[in-house]
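S.K.: I need the structure of the sequence given here:
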Amino acid sequence: QVQLVESGGGLVQPGGSLRLSCAASGFSFSTYVLMWYRQRPGKERELIAVISSVGGSTNYVDSVKGRFTISRDNAKNTMYLQMNNLKPEDTAVYYCKVRRNGSDLWGQGTQVTVSS
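M.R.: Residues are numbered from 1 along each chain as shown. You can find the predicted model right below:
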């Protein structure tokens, strides 16, 4: 079964860290660009981080730049989002995505709540 499964969300205090994982199954994602999105309460889903298929170059939205790091382990068919210095405004459902064969494949989402 072709799918993406996220894990690693939870409740964390401001200034804390979390690492999200996104495991792919049913296909090899080594040749695909990988993406993390988030949807904050009352907001539209937004693209926050991208990693290329070759060379591993990355791009981030300004609001997470310097705090979040996207990475990939092609051998494990898994991508990650390391989130440091978390802020209450980072509270959101986080999704991974792969654009594969002209279609978007999404994970189910994982909730991240930043609160004291």
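
S.K.: check contacts around Ser28.
M.R.: By CB atoms under 8 Å, 6 or more residues apart in numbering, Ser28 lies in contact with Asn74, Asn77. In short, each C-beta sits where N, CA and C put it, glycine included.

S.K.: do you know how far it is from Arg100?
M.R.: Remark: distance between Ser28 and Arg100 (CB to CB, to the nearest Å) = 10 Å.

S.K.: secondary structure class for the residue nearest to the spatial centre of the chain?
M.R.: Nearest to the mean C-alpha position of the chain, counting by CA atoms, centre = their mean, stands Trp36 at 3.3 Å. At Trp36 the chain is in strand, as set by DSSP: H, G, I helix; E, B strand; the rest coil.

S.K.: Surely it is in contact with Val93?
M.R.: No: the pair Trp36 / Val93 is not scored as a contact, 11.4 Å apart, by CB atoms under 8 Å.

S.K.: what's Leu105 in contact with, if anything?
M.R.: Leu105 neighbours (CB under 8 Å, 6+ apart): Val2, Gln3, Leu4, Lys97, Val98, Arg99.

S.K.: Confirm that it lies within a strand, as I assumed.
M.R.: Yes: under three-state DSSP, Leu105 falls within a strand.

S.K.: contacting residues for Ser17?
M.R.: Each residue near Ser17 by CB under 8 Å, 6+ apart is listed here: Gln82, Met83, Asn84, Asn85, Leu86.

S.K.: Pick the one among these closest to Leu20.
M.R.: The closest of those to Leu20 turns out to be Met83 (CB to CB; 7.0 Å).
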